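Colleague: Just need the structure, nothing else, for what follows:
(2 chains)
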Amino acid sequence: GNSVTQMEGPVTLSEEAFLTINCTYTATGYPSLFWYVQYPGEGLQLLLKATKADDKGSNKGFEATYRKETTSFHLEKGSVQVSDSAVYFCVVYGNNRLAFGKGNQVVVIP
Amino acid sequence: GAGVSQTPSNKVTEKGKYVELRCDPISGHTALYWYRQSLGQGPEFLIYFQGTGAADDSGLPNDRFFAVRPEGSVSTLKIQRTERGDSAVYLCASSLTPSAGRETQYFGPGTRLLVL
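Modeller: Down below sits the predicted model:
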């Protein structure tokens, strides 16, 4: 089935730093790709999505581009804020389900 | 409008007991999903409903787990003879239609199940 690999470990960075979280996927065909975010004490919510190759999803200053040739969907933000502290999940859809990566905890220090 | 709601928010039970977890999806959403999230992991798929029928239950770990959606709206996940390994957060999600994954799945806050 479809699967996702996210870079290992939490990410700690200072306010206004550049954030990148790497994500690669394994899937047949052209699945839809997502980033979901879980803020402290809150439920999972969609951050952005891309439904076909070369699409760029964007929201709240975050961006990710669907790269079919490298099977990647890396998340980036140019200048993070303390309020971006959360757990970020890379997700691929296929076979009637979302398949989540393990998630990366991002901690932004003032 | 109201989002996906789940009850109870927390459930503590003893090994061997039976539990029911409820999900109330967004009104009008025909697709409903159950996922399970263990500590430090991403959610894992359990079962998917399209309308009243379980279209895909291949993620259920064993026959102790069962889910229903009798009127195509509210769903109940049922776990018999609970085991300590069933402890996790159980998440429900709904979408307007399945639509090959292009429709956003909206998640509820989850039920945190602890089996002692």
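
Colleague: if I read this right, B:Tyr90 contacts B:Pro43, doesn't it?
Modeller: No. If you go by C-beta atoms under 8 Å, B:Tyr90 and B:Pro43 don't touch, sitting 9.4 Å apart. Placement of C-beta: from N, CA and C, glycine included.

Colleague: so who does the residue nearest the centre of chain B touch?
Modeller: Chain B has B:Trp34 as the residue nearest its centroid, 3.1 Å off, counting by C-alpha atoms, centre = their mean. By C-beta atoms under 8 Å, 6 or more residues apart in numbering or on different chains, B:Trp34 lies in contact with B:23, B:45-48, B:67, B:75, B:77, B:90-93.

Colleague: nearest to chain A, of the residues you listed?
Modeller: For the contacts of B:Trp34, the residue nearest chain A by C-beta to the nearest C-beta is B:Phe45; the value is 3.8 Å.

Colleague: Give the other helices and strands that the one helix or strand in chain B whose mean pLDDT sits lowest contacts.
Modeller: In chain B, the helix or strand scored least confidently by mean pLDDT, DSSP states H and E is strand B:53-56, which has a mean of 88. Of the remaining helices and strands, those touching strand B:53-56 by 3 or more C-beta pairs under 8 Å, 6 or more residues apart in numbering or on different chains; DSSP states H and E are strand B:44-50.

Colleague: returning to that earlier point: next secondary structure after the least confident helix or strand of chain B?
Modeller: strand B:65-68 (DSSP states H and E).

Colleague: ok, and what's touching that next one?
Modeller: Contacts with strand B:65-68, where a contact means C-beta under 8 Å, 6+ apart, come from B:34, B:46-47, B:49, B:54, B:57, B:60, B:75-80.

Colleague: let's see 6 Å
Modeller: With C-beta atoms under 6 Å, 6 or more residues apart in numbering or on different chains as the test, strand B:65-68 has contacts from B:34, B:47, B:76-79.

Colleague: Mind listing the strands it pairs with, and their directions?
Modeller: Partners of strand B:65-68 in the sheet, by DSSP bridges, are strand B:75-79 (antiparallel).

Colleague: What mean pLDDT does the partner strand get?
Modeller: For strand B:75-79, mean pLDDT rounds to 98.

Colleague: Please work out the angle formed by the directions of it and strand B:44-50.
Modeller: Counting by axes from the mean of the first three to the mean of the last three C-alpha atoms, to 10 degrees, strand B:75-79 points 140 degrees away from the direction of strand B:44-50.

Colleague: filter the contacts of strand B:65-68 to the buried ones?
Modeller: Among those, the ones that count as buried by 16 or more other C-beta atoms under 10 Å in any protein chain shown are B:34, B:47, B:77, B:79.

Colleague: Alright, I will stop here.
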